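Trainee: Could you look at this predicted model? Sequence included:
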Amino acid sequence: MRLQDRIMKVKAALLAFISPLKNFGITLLAVALLALCITAGFWQYERGMERRGENALLQKNINLPAIDFPTQSTGTTQPTRSLEELQWRKFLITGSFIPENEILLRNRYYNDQYGYAVATLFRLADGRKVWIDRGWVKAGASATEPPIIAAIPVGNVNLLVRFRSDNLEAKIAGSFFATGKNRDLLSRWNSEAKVDSEEFYFDLIGGDFLPDVASVFAPPGSGPHIAYAIQWWFFAALVLFGRILIVREDLKKKSA
């Protein structure tokens, strides 16, 4: 047998050995990608359904009449889930502002004008401390000129407020992975003012003290989750279709 024939036989034997391994590797990779895309799709779909449920709760709470805010002794606002159920509900609260704990929140706009949001710590009648977003104020004429902020009343006041949960704010803020940017909003406020507060805050609406410009209130959309789910499932279909094409080409080669 000539040397060339022997080399050809060795090559054929190697191809016969490598080809099944190659096909197995391609199949394994396709299965892994398929599982990843399907799982990611269902995860996004579940987040979309969860967001719709949260939006339905928010819309319901928006239309409910204002009631007295529960006191600490009731335990109503302690569990995290209860906090989320109160999100955007209107409440009547009694207590007093703590003027020495006030911060300005940058990069807030109203009618295309740059300004700040003003947050002031508030002591509820039961002793708890909670931040109140008092709304928007226009920035000073220059970077060194402070904004004009309305003086807060002294002593006890009755206020109409909207409940905001930092927990849910993070979930509805809307990012690619639906984690949100405001996860530690209250932590930042507390750190800046060097205080401790409850894990929720209020938007000031009215009562004995009115905001000059109330905080912008915009219900969130449904988010991109359902679109992302469809996108992931489309990728899964492409992977499956591609693997079928490869198998089809292999069968053609064998039959040729």
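Mentor: Looks like it arrived, so ask away. Numbers count the residues shown, from 1 in each chain.

Trainee: make it CA atoms for all contacts and neighbour counts henceforth
Mentor: OK.

Trainee: following the longest strand along the chain, which helix or strand shows up next?
Mentor: In the chain, taking DSSP state E as the definition, the longest strand is strand 90-110. Tracing the chain past strand 90-110, the next element assigned as helix or strand by DSSP states H and E is strand 113-124.

Trainee: partners of the helix or strand following that next one in the sheet?
Mentor: Reading on from strand 113-124 to the C-terminus, the next helix or strand found by DSSP H and E is strand 129-138. Strand 129-138 has these partner strands in its sheet, going by DSSP bridges: strand 113-124 (antiparallel), strand 200-207 (parallel).

Trainee: Other residues contacting the last one?
Mentor: Read it as strand 200-207. The contact list for strand 200-207 (CA atoms under 8 Å, 6 or more residues apart in numbering) reads 83, 130-135, 158-166, 186, 210-211, 214-215.

Trainee: Report the buried residues of it.
Mentor: Phe200, Tyr201, Phe202, Asp203, Leu204, Ile205, Gly206 (16 or more other CA atoms under 10 Å).

Trainee: looking only at pLDDT, what's the mean for it?
Mentor: The pLDDT scores in strand 200-207 average 93.

Trainee: okay, the angle between that strand and strand 90-110?
Mentor: 90 degrees (axes from the mean of the first three to the mean of the last three CA atoms, to 10 degrees).

Trainee: What's opposite the nearest residue to Gly207 once chain neighbours are set aside in the beta bridge?
Mentor: Leaving aside its sequence neighbours, Gly207 sits nearest to Leu159 (CA to CA, 6 or more residues apart in numbering; 4.3 Å). Judged by DSSP bridges, the bridge partners of Leu159 are Ile93, Gly207.

Trainee: Surely Leu159 touches Phe97?
Mentor: No: at 10.8 Å, Leu159 does not count as touching Phe97 under the criterion of CA atoms under 8 Å.

Trainee: Which one of the two is surrounded by more residues?
Mentor: Set side by side, Leu159 and Phe97 show more neighbours around Phe97, with 22 against 19, by other CA atoms under 10 Å.

Trainee: I'd like the distance between the closest residue to that one other than its chain neighbours and Thr94.
Mentor: Among residues not flanking Phe97 along the chain, Phe122 sits closest, at 4.4 Å (CA to CA, 6+ apart). Separation of Phe122 from Thr94 (CA to CA, to the nearest Å) stands at 10 Å.

Trainee: neighbour count winner among these two?
Mentor: Phe122 (23 against 16).

Trainee: residues touching that one, list them.
Mentor: Phe122 touches Gly95, Ser96, Phe97, Ile98, Lys129, Val130, Trp131, Ile132, counting by CA under 8 Å, 6+ apart.

Trainee: Most neighbours among the residues you listed, which one is it?
Mentor: Among these, Trp131 has the most neighbours (other CA under 10 Å), with 26 neighbours.
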